[in-house]
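Trainee: can't give you the sequence, but here's the structure:
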């Protein structure tokens with residue numbers, strides 16, 4: 001993971017610099033700077049709009065007693081995408097838009113949920129289990145409860 005982070009810290013600025021030089025040579029310095037400013041303003045607007053929408057969905061899920069796993073993933077993606085949109089650069093703006101806009105965010109959310117599920121080895125509500133199957137609901141196990149003789153008994157501590 002640290003190697004991936006170091007690579008990202010080196011590769012991303014180099015890609016941004018290359019794209020900026022290419023766009024600058026094509027459009028000129030003034031239009032390039034205006035385009036960067038416009039993308040930052042658009043990013044701020046989208047961050048505010050989608051952040052508020054995600055926050056409302058989060059609160060609604062809590063009010064009805066549902067675990068807000070989808071809303072938390074959406075919130076993380078909107079926050080990450082908004083930070084990328086506010087960062088000057090065209091490549092980060094494209095990825096930031098993908099994180100913030102609802103259709104592409106849904107695809108990224110499924111990917112993120114799959115990665116978290118595989119890494120943690122847990123099934124998230126509405127997501128795939130470790131083996132890729134949906135969890136069974138309503139399954140009842142029959143059996144007897146057997147107490148562990150070494151386990152502490154209920155009541156006051158010794």
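Mentor: Nice, thanks for sending it over. Fair warning: this is a prediction, and the values are worked out from it, not measured in the lab.

Trainee: residue 73: how many residues sit nearby?
Mentor: 21 (other C-beta atoms under 10 Å). Using the backbone N, CA and C atoms, a C-beta is placed for each residue, glycine as well.

Trainee: tell me if I'm right that it and residue 111 touch.
Mentor: No. Look at residue 73 against residue 111 with C-beta atoms under 8 Å: they stay out of range, at 10.0 Å.

Trainee: where does pLDDT dip in the protein?
Mentor: For the chain, applying pLDDT under 70 flags the ranges 1, 122-141, 143, 148, 150-158.

Trainee: quick one: the helices in the chain?
Mentor: With DSSP state H, the ranges of helices along the chain come out as 2-27, 29-63, 69-86, 90-100, 102-120.

Trainee: angle of the first one against helix 29-63?
Mentor: Between the axis of helix 2-27 and that of helix 29-63 there is an angle of 130 degrees, by axes from the mean of the first three to the mean of the last three C-alpha atoms, to 10 degrees.

Trainee: repeat for the fourth one
Mentor: Direction vectors for helix 90-100 and helix 29-63, defined by the same axes, to 10 degrees, enclose an angle of 20 degrees.

Trainee: what sits up against helix 90-100?
Mentor: 12, 15-16, 19-20, 23, 35-36, 39, 43, 46-47, 50, 77-78, 80-85, 87, 104-105, 108 (C-beta atoms under 8 Å, 6 or more residues apart in numbering).

Trainee: turn the helices of the chain into JSON lines, columns for distance to residue 149.
Mentor: Shown next, in JSON lines, are these (distance: least, C-beta to C-beta, whole Å):
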{"stretch": "helix 2-27", "distance to residue 149": "46"}
{"stretch": "helix 29-63", "distance to residue 149": "42"}
{"stretch": "helix 69-86", "distance to residue 149": "39"}
{"stretch": "helix 90-100", "distance to residue 149": "53"}
{"stretch": "helix 102-120", "distance to residue 149": "33"}
